[in-house]
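Q: here is a sequence together with a model predicted from it:
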Amino acid sequence: MIYWEIFLAFFIPGILGYGGGPASIPLIEHEVVERYEWLTVEEFGEVLALGNALPGPIATKMAGYIGFEQAGILGASVGVFATVAPSLILMIVLLRLLYAFRQSTKVKWMTMIVRPTIAVLLGVLAFQFFETSWSANGTLQTGVLIIVSYFLLERFKVHPAIVIVASLLYGAIFLAPS
């Protein structure tokens, strides 16, 4: 029963919280503090502060923490899944709709317009990552990661997931604060 309660506590705010994590925080607070009484208002505030201090989406971090506190690793998994499930369901429905009308000239025109926008957004994101890496790790470390990643991806055709994991390991070993 606890898993179902965890699911509902984070699924309902995910559906109703239009605007992402910050918009759903009051809804999560209502479920967690008032409805299920898993946390006090003060404890919820501490979890919110901890979630804000860590990188990534706030709602999933809170769901993982609260789910773990209530029901262990499976509870954390249920909470995180419940948080992303509304978006996942909507994406599947919209992709099916898009696929059903893929021959439509309007859909083709829309995707033709969206592609350059996505490319620009990804380029800006890549530049921001580069800038952050450059300022935090220096020229040598950033250059090594860029050059090695380029050769692994383009010359040796290594799968991108392997390059990402290798970069994470490199960062954990060589770039971790002492």
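A: Sure thing, it's come through.
Q: what separates residue 168 from residue 130, distance-wise?
A: Distance, residue 168 to residue 130, by CB to CB, to the nearest Å: 17 Å. Heads up, the C-betas are built off the backbone N, CA and C, glycines and all.
Q: which of those two has more neighbours?
A: The residue with more neighbours, out of residue 168 and residue 130, is residue 130; 13 against 10, by other CB atoms under 10 Å.
Q: could I get the average pLDDT for the host helix or strand of that one?
A: Taking DSSP states H and E as the criterion, residue 130 maps to helix 105-150. For helix 105-150, mean pLDDT rounds to 89.
Q: contacts for the following helix or strand past it?
A: For helix 105-150, the following helix or strand on the C-terminal side (DSSP H and E) is helix 160-174. Helix 160-174 is contacted by residues 141, 145, 149, 152-153 when judged by CB atoms under 8 Å, 6 or more residues apart in numbering.
Q: quick check: phi and psi at residue 17.
A: Per-residue torsions, residue 17: phi -80, psi 70 (degrees, to the nearest 10).
Q: nearest residue to it in space, please, no chain neighbours.
A: In space, and not counting its chain neighbours, residue 17 is closest to residue 24: 2.6 Å by CB to CB, 6 or more residues apart in numbering.
Q: list the residues that contact residue 100.
A: Going by CB under 8 Å, 6+ apart, residue 100 touches no other residue.
Q: next, count neighbours for residue 144.
A: For residue 144, the count of nearby residues is 13 (other CB under 10 Å).
Q: ok, now the one 10 residues further on?
A: Using other CB under 10 Å, the number of residues around residue 154 comes to 9.
Q: list the buried residues for the least confident helix or strand in the chain by mean pLDDT?
A: Lowest by mean pLDDT, DSSP states H and E among the helices and strands of the chain is helix 21-29, with a mean of 85. Across helix 21-29, burial judged by 16 or more other CB atoms under 10 Å covers 21, 24-25, 27-29.
Q: fine by me, thanks again.
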